[in-house]
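A.B. asks: okay, here's the prediction I keep looking at, along with the sequence it came from:
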Amino acid sequence: MRYLFLIALTFSVTASWAGQDPIAIKTDRYTLAVMEPTQSSVNPLYTAVTAAFATDVITIGEAVDEVLDGTGYRVRRNADQTHRGIYLDSILLNQPLPAAHRELGPLPLIEILQVIAGSSWTVKGSDLSRTVTFTLNDSAAPSGALLDILVDEVDGLAYTRKAPTEVMGSTGMAAGQFEPNATIGGSATNMQSNVVAQESAGRASQQSVSHRTVTAAKSIGTPSRAASEGAQGPSGRAEAPIPELTLLEGESLVSAIMKLQSRFDLGGVVYSVRDKSFDINRLNIGDDIEVSEDLMSTESIALNDVLSGFIVSDQGDRSLIITDNSALNASNTVVFDVKPGSVQSNAKRLLSEFGWEMPFKDGWQAQDYPITSSFPIAISRDDPRQAFSELLAEYPIQARLNPSTTTAYFVHRNPIQ
């Protein structure tokens, strides 16, 4: 019986050598292994993957970077779809990554990209060029007026590119690379320096093409004297600073914030919003707003009916504050970093910021809560009450402040208070 089994086994291997079936080899006494490539090795875009994006991955473009890293594929900007010289896929790549997409899979890699892109876009892969293209579906294509608004929203953001013929003439860059738009500076000198930086990056990409983001020279940095001090008009009086950026009526607040971060080289955004019913992702800019860095650093800009924004600096770190609290402004607001530990330890740190203290024995009469990660809050340097309200907003704890003795007690707060 054993002899017959071995004959059958030998026959199956011989038949595979004849080309009728995939070749199989014997790996041990009773096991055959079929010698044929897997679907994922034939086409890496169909490799089953699980995507889990870190919190520092903000935009869809950054998420696409992460997914394609190591696959040998890169994004080719869709030259067949442009508007005013800007690739339409910039509208997609500059959008914030939805929270629901931070963990995906296991799914084929191409399906991960399609889920991230959404139903308005079709993801196409090319085995020949090893590229991935995002194409806007005809049914989702916006009208001319809306398209102008969408292109204005992304112009100047990190994943915006203009057609090579408009930005760099015949030199161009590797078609698969994301490249920050080089035309946002406004001055001929800045534009020229950006073009040179992009041409250098293009020559480097011919030697070693990569889909990762290329950092070009920025035209932002320190504002010119004319912008920061005001240009001298014919009468010799200082005129208002020249606007450096326009936020458009109807533009999403998220898009406007990304534009401000990119234009003014800001390290982060700090929200100080008392009304928790606001969905930041659904809010829009109220009117056309022309802003400059000098204006944002000295005044609060009304973004819409409920929120304002301004820039604060602390030891070289610059943050954009978004708030619905009219008591906060550019002159009295600082960023306080809440650190891992507990609510009580951070309350003590905040007290010391104001030069206050907590009575040693019975100053803390509430339950303590752990804080596992660091995050910033915006506080008024003139108003300890606002500062502690910001720190304790998420906890059933109330700070009872005594300005005459510069001491504070912390007690349990009824959640409805």
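C.D. replies: Nice, I can see it. Numbers count the residues shown, from 1 in each chain.
A.B. asks: now A327: how far from E103?
C.D. replies: A327 is 39 Å from E103, where distance means Cβ to Cβ, to the nearest Å. (Glycine included, C-beta is placed from N, CA and C.)
A.B. asks: looking at those two, which has the bigger crowd around it?
C.D. replies: Neighbour totals were compared for A327 and E103, and A327 leads with 13 against 10 (other Cβ atoms under 10 Å).
A.B. asks: which ones are touching that one?
C.D. replies: S380, D383, Q386 (Cβ atoms under 8 Å, 6 or more residues apart in numbering).
A.B. asks: which of the three states applies to it?
C.D. replies: At A327, secondary structure determined by DSSP: H, G, I helix; E, B strand; the rest coil is coil.
A.B. asks: so for it, what's the pLDDT?
C.D. replies: In this prediction, A327 carries a pLDDT score of 88.
A.B. asks: any idea how far it lies from A378?
C.D. replies: 11 Å.
A.B. asks: cross the contacts of A327 against strands and list the overlap.
C.D. replies: Using DSSP state E, the subset of the contacts of A327 located in strands is S380.
A.B. asks: out of the contacts of A327, which is most surrounded?
C.D. replies: That'd be Q386 among the contacts of A327, by other Cβ under 10 Å, with 20 neighbours.
A.B. asks: okay, and the beta partners of the nearest residue to that residue once chain neighbours are set aside?
C.D. replies: Leaving aside its sequence neighbours, Q386 sits nearest to S380 (Cβ to Cβ, 6 or more residues apart in numbering; 4.8 Å). Beta-bridge pairing for S380 (DSSP bridges): T333.
A.B. asks: shaky segments in the protein?
C.D. replies: Residue ranges of the chain with pLDDT under 70: 1-22, 26, 34-42, 163-241, 361, 415-417.
A.B. asks: these two touch, right, S129 and V75?
C.D. replies: No: counting by Cβ atoms under 8 Å, S129 sits too far from V75 to count as a contact (11.1 Å).
A.B. asks: between those two, tell me which one has more neighbours.
C.D. replies: Taking neighbours as other Cβ under 10 Å, S129 and V75 compare with V75 leading, 23 against 13.
A.B. asks: ok, K348 touching P359?
C.D. replies: No: contact between K348 and P359 fails when scored by Cβ under 8 Å: they sit 11.8 Å apart.
A.B. asks: more neighbours: which of the two?
C.D. replies: Set K348 next to P359 and count neighbours by other Cβ under 10 Å: K348 wins out with 18 against 12.
A.B. asks: where's S319, which helix or strand?
C.D. replies: Assigned by DSSP states H and E, S319 belongs to strand 317-323.
A.B. asks: how far out from the middle of the chain is that strand?
C.D. replies: 16 Å (Cα atoms, centre = their mean, to the nearest Å).
A.B. asks: could you number the chain from 446 rather than 1 from now on?
C.D. replies: Got it, first residue is 446 now, which makes that one strand 762-768.
A.B. asks: that strand packs against which elements?
C.D. replies: Strand 762-768 makes packing contacts with helix 698-709, strand 713-717, strand 753-759, strand 778-783, strand 820-825 when contacts are defined by 3 or more Cβ pairs under 8 Å, 6 or more residues apart in numbering; DSSP states H and E.
A.B. asks: could you list the buried residues of the second one?
C.D. replies: Using 16 or more other Cβ atoms under 10 Å as the test for burial, strand 713-717 gives V714, V715, Y716, S717.
A.B. asks: please enumerate the helices of the protein.
C.D. replies: Assigned helices in the chain, in chain order: 447-462, 484-487, 505-513, 534-538, 554-562, 589-599, 609-612, 633-652, 670-674, 698-709, 738-743, 788-799, 829-837 (criterion: DSSP state H).
A.B. asks: what's in contact with the third one?
C.D. replies: Meaning helix 505-513. Contact with helix 505-513 is made by 494, 496, 498, 502, 519-520, 537-542, 546, 554, 557-558, 561-562, 577, 603-604, 623, 656-658, as judged by Cβ under 8 Å, 6+ apart.
A.B. asks: and it with helix 554-562, angle?
C.D. replies: 170 degrees (axes from the mean of the first three to the mean of the last three Cα atoms, to 10 degrees).
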